[in-house]
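1. sequence below, structure please.
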Amino acid sequence: MRSALSVLALLALCGLLSAAPASAAVCAIETAPAATLLLPSFEVNLACNQANGGITTLFSINNASANATLAHIVLWSDLSVPVLDFTIYLTGYDVQSFNLCDLLVNGLLPQTASTGQDPSDIISPKGPLSQDVNFASCTGQLPPGTLPSTFTAHLQSSLTGQFSTLLGGCAGLAYGDNIARGYVTVDTVNNCTLRFPSDPGYFAPAGGGSGDATDQNVLLGDYSYVNSAASFAQGYTMVHLQADPNRPETSTSGQYTFYGRYVNWTAIDHREPLPTRFFARYFNSGVSGTTTTMTAWRDPKVVQNPFHCGTLPFWYPLGQARVVAFDEQEHVAESASPIFPFPGAVGKIQVGSANLPTPFSFGWILYDLNSTVGGAPPVDPLAEQAWVTLSMSVAGLSLGYPAFQLDTCPGAVPPPAGSTAFYSIPPCRLLDTRGADGPALLANAARRITAAGRCGVPATARTVAANLTVVNASAGGDLRLFPAGSPLPPTSTINFAGHQTRANNAILSLSPDGEFAVWSDQAPAATVDFIVDVNGYFQ
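-> Numbering: from 1, shown residues only. This next block holds a predicted model:
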């Protein structure tokens with residue numbers, strides 16, 4: 001196993017060294033300097049400080065800028081209750097590494113301090129290219145002391161689904177296996193703070209003022225699961241979320257942003273949201289030691305507080321729009337009964353188990369994790385951001401990587417004025433040009449599509465909520481969707497490269513007779529197949 005781990009470590013290192021562009025496009029989740037980092041799932045065996053103590057989670061945070069900065073770290077339970085927060089100081093180009101075993105078992109917080117708390121430059125020494133400044137707000141917070149035993153007891157209880165004295169209730173799911181579970185967020189901040197993202201003052205209010213969080217896209221991060229007793233280690237990059245106060249998708253009230261549920265969907269956090277739909281490879285051969293495990297972070301879309309032990313939040317379990325398994329000959333399997341592969345804010349499941357069944361040995365799984373459970377971002381009540389990773393194991397060797405993203409910035413196009421009430425309908429295929437709805441779309445031509453009277457969409461509908469997919473593109477281009485009979489809009493709804501499959505969510509405005517049109521911008525004589533699945537409407 002050591003040789004395999006060395007190869008994986010080398011590959012991970014190469015990825016870190018080569019995947020750090022200076023900037024990134026908002027609404028395209030990339031490994032680039034960010035204002036927020038998400039560690040989507042951690043596991044820590046609370047016997048991790050003992051010999052053969054089991055799994056722990058390590059992570060590192062890097063400042064990609066020469067300027068010193070502060071980063072605010074929050075630990076959340078697997079049902080999205082915040083249980084601990086603290087701030088760290090990073091000199092220019094600094095890096096801080098964490099072992100969650102040290103924190104949860106021994107109460108050890110990372111030791112950092114700005115010049116005001118570290119005048120001898122011993123705790124956070126700077127290099128010749130790095131800035132080192134004083135953050136006066138950190139006096140009394142940095143460097144931190146060891147957490148008292150009452151607080152580590154709170155952390156261990158709240159992250160294992162047990163009663164926490166400090167919370168006065170429970171915060172997570174109880175598996176009974178002594179493993180703490182949850183996720184971590186990291187934000188750039190102006191000052192040392194003990195506020196959570198849900199607290200007033202954490203984000204600057206709309207219309208002016210200051211908040212704790214900033215829009216500095218300077219953070220990079222990675223994390224690893226390590227189990228020395230099992231000779232196992234696996235690493236991933238953290239999820240990097242850029243902030244942009246100028247893009248409509250991340251600054252317009254009503255848009256779906258990463259922290260939207262904590263700012264009442266006002267977009268004052270300016271963070272890009274995560275995708276909602278994913279494609280992931282799997283093998284499920286039934287041979288011992290040959291498995292595929294999927295892990296997901298999901299957004300319940302509500303501010304979750306501690307709850308009475310023995311009960312669960314109203315939104316639990318989280319469902320999804322669709323989970324479809326394909327084999328390598330494109331045969332399809334979809335469970336006839338409801339399944340809940342990822343019912344909480346953090347979840348892990350093995351392909352082939354009861355809540356993620358498939359009759360196939362190899363193939364792909366489509367996860368459409370949109371859900372109306374929980375809160376409802378005004379721009380798209382169906383949208384639910386998520387993040388999915390997978391781990392494939394064969395004969396003691398394993399490889400992990402993120403699932404493929406099929407959409408970006410869910411619900412970025414708001415419904416028009418006059419559409420006030422939303423009605424969900426069972427997902428229904430309105431158009432598929434690969435079959436009876438063909439032929440494929442032709443370049444530089446419009447096609448009208450009737451929605452009213454089909455798939456449960458009434459004649460009174462003003463807009464429809466849809467998942468759009470393009471396949472079999474003979475050349476790159478984009479599609480523009482608009483009410484039939486209206487002028488061609490200047491902006492595209494979905495972009496694609498040649499021979500690329502792409503998908504996106506959209507709110508499609510309808511003409512008075514219930515139709516929309518699609519225009520294909522491609523090179524002359526090029527074609528593309530187009531699929532439209534509707535799941536609701538406004539009227």
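
2. tell me where the model's unsure across the chain.
-> For the chain, the stretches with pLDDT under 70 are 1-26, 207-208, 286-289, 374, 410-422.

3. what is the nearest residue to Met238 once chain neighbours are set aside paired to in the beta sheet?
-> Sequence neighbours aside, Gly221 is the residue nearest to Met238 in space, at 3.6 Å (criterion: Cβ to Cβ, 6 or more residues apart in numbering). Every residue, glycine included, has its C-beta placed from N, CA and C. Counting by DSSP bridges, Gly221 forms beta bridges with Ile61.

4. so how far is Leu103 from the closest residue to Leu84 other than its chain neighbours?
-> Once flanking residues are discounted, Leu84 sits nearest to Leu75: 4.4 Å by Cβ to Cβ, 6+ apart. Look at Leu75 and Leu103: by Cβ to Cβ, to the nearest Å, they are 8 Å apart.

5. what touches both of the two?
-> By Cβ atoms under 8 Å, 6 or more residues apart in numbering, Leu75 and Leu103 have these common neighbours: Leu84, Leu155.

6. how about the strands in the stretch 201-350 of the chain?
-> 219-227, 232-237, 239-241, 277-283, 291-298, 322-326, 332-333, 346-350 (DSSP state E, counting those that start in this stretch).

7. nearest to Val186, out of those?
-> Nearest to Val186 among the strands of the stretch 201-350 of the chain is strand 219-227 (6.3 Å), distances taken as Cβ to Cβ.

8. who touches the closest one?
-> 12, 16, 20, 31, 33-37, 39, 42-43, 54-64, 69, 71, 186, 188, 232-238, 240.

9. now swap in stretch 42-52 and tell me
-> 53-57, 59, 100-101, 104-106, 156, 159-160, 178-184, 223, 225, 228-229.

10. out of these, which end up buried?
-> Neighbour-count burial (16 or more other Cβ atoms under 10 Å) is assigned, among the contacts of stretch 42-52, to 53-57, 59, 100-101, 104-105, 156, 159-160, 179-184, 223, 225.

11. let's see which of those residues end up in strands.
-> Within the buried ones among the contacts of stretch 42-52, residues falling in strands by DSSP state E are Thr56, Thr57, Phe59, Ile179, Ala180, Arg181, Gly182, Tyr183, Val184, Tyr223, Tyr225.

12. let me know the closest of these to Arg298.
-> For those, the nearest to Arg298 is Tyr183 (10.0 Å; Cβ to Cβ).

13. so the closest one makes contact with Ser41?
-> Yes: under the criterion of Cβ atoms under 8 Å, Tyr183 makes contact with Ser41 at 5.8 Å.

14. grab the nearest non-local neighbour of Asp478.
-> Counting by Cβ to Cβ, 6+ apart, the residue nearest Asp478 is Ser492, at 3.6 Å.

15. quick revisit: what about the residue nearest to Met238, how many neighbours?
-> 24 (other Cβ atoms under 10 Å).

16. any idea how far it lies from Pro381?
-> For Gly221, the distance to Pro381 - Cβ to Cβ - is 31 Å.

17. and if you look at Leu159?
-> Taken as Cβ to Cβ, the span from Leu159 to Pro381 is 31 Å.

18. just Asn504 next, same as before
-> Taking Cβ to Cβ, one finds Asn504 at 17 Å from Pro381.

19. check Pro125 too.
-> 50 Å.

20. of these two, give the one with the bigger neighbour count.
-> Neighbours per residue (other Cβ under 10 Å) separate Pro125 from Pro381, with Pro381 holding more: 22 against 12.

21. for the more buried one, what are its contacts?
-> Thr372, Phe422, Ser424, Ala465, Gly536.

22. okay, among those, which ones form the most distant pair?
-> Longest span within those, Cβ to Cβ: Thr372 and Ala465, 10.3 Å.

23. where do the contact lists of those two overlap?
-> Joint contacts of Thr372 and Ala465 (Cβ under 8 Å, 6+ apart) are Pro381, Leu382.

24. tell me which of the two has more neighbours.
-> Neighbour comparison, Thr372 and Ala465: the larger count goes to Ala465, with 25 against 17 (by other Cβ under 10 Å).

25. check which helix or strand that one maps to.
-> strand 463-471 (DSSP states H and E).

26. other residues contacting the next helix-or-strand element following that strand?
-> Later in the chain than strand 463-471, the nearest helix or strand by DSSP H and E is strand 477-483. By Cβ under 8 Å, 6+ apart, the surrounding residues in contact with strand 477-483 are 441, 443, 468, 470, 488-489, 491-496, 506, 508-511, 515-523, 526, 528, 530.

27. repeat for stretch 348-360
-> Applying Cβ under 8 Å, 6+ apart, the contact partners of stretch 348-360 are 41, 282-284, 286, 291-296, 323, 325-328, 331, 333, 335, 339-342, 365.

28. and with 7 Å instead?
-> 41, 282, 284, 291-295, 325, 327, 333, 335, 339-342 (Cβ atoms under 7 Å, 6 or more residues apart in numbering).

29. wait, which of those residues is closest to Ala459?
-> The nearest member of these to Ala459, counting by Cβ to Cβ, is Ser335 at 33.5 Å.

30. which residue is the nearest non-sequential neighbour of that closest one?
-> Here the residue nearest Ser335, using Cβ to Cβ, 6+ apart, is Pro357, at 5.9 Å.

31. where does the one you found land in three-state SS?
-> Under DSSP: H, G, I helix; E, B strand; the rest coil, Pro357 falls in the coil class.

32. any idea how far it is from Ser65?
-> Taken as Cβ to Cβ, the span from Pro357 to Ser65 is 47 Å.

33. do the same with Leu241
-> Leu241 is 17 Å from Ser65, by Cβ to Cβ.

34. okay, those two: which has more neighbours?
-> Higher neighbour count among Leu241 and Ser65: Leu241, with 28 against 19, using other Cβ under 10 Å.

35. report the beta-bridge partner residues of the closest residue to the more buried one other than its chain neighbours.
-> Nearest residue to Leu241 in three dimensions, chain neighbours excluded: Thr36, at 4.2 Å (Cβ to Cβ, 6+ apart). Beta-bridge partners for Thr36, by DSSP bridges, are Asp187, Leu241.
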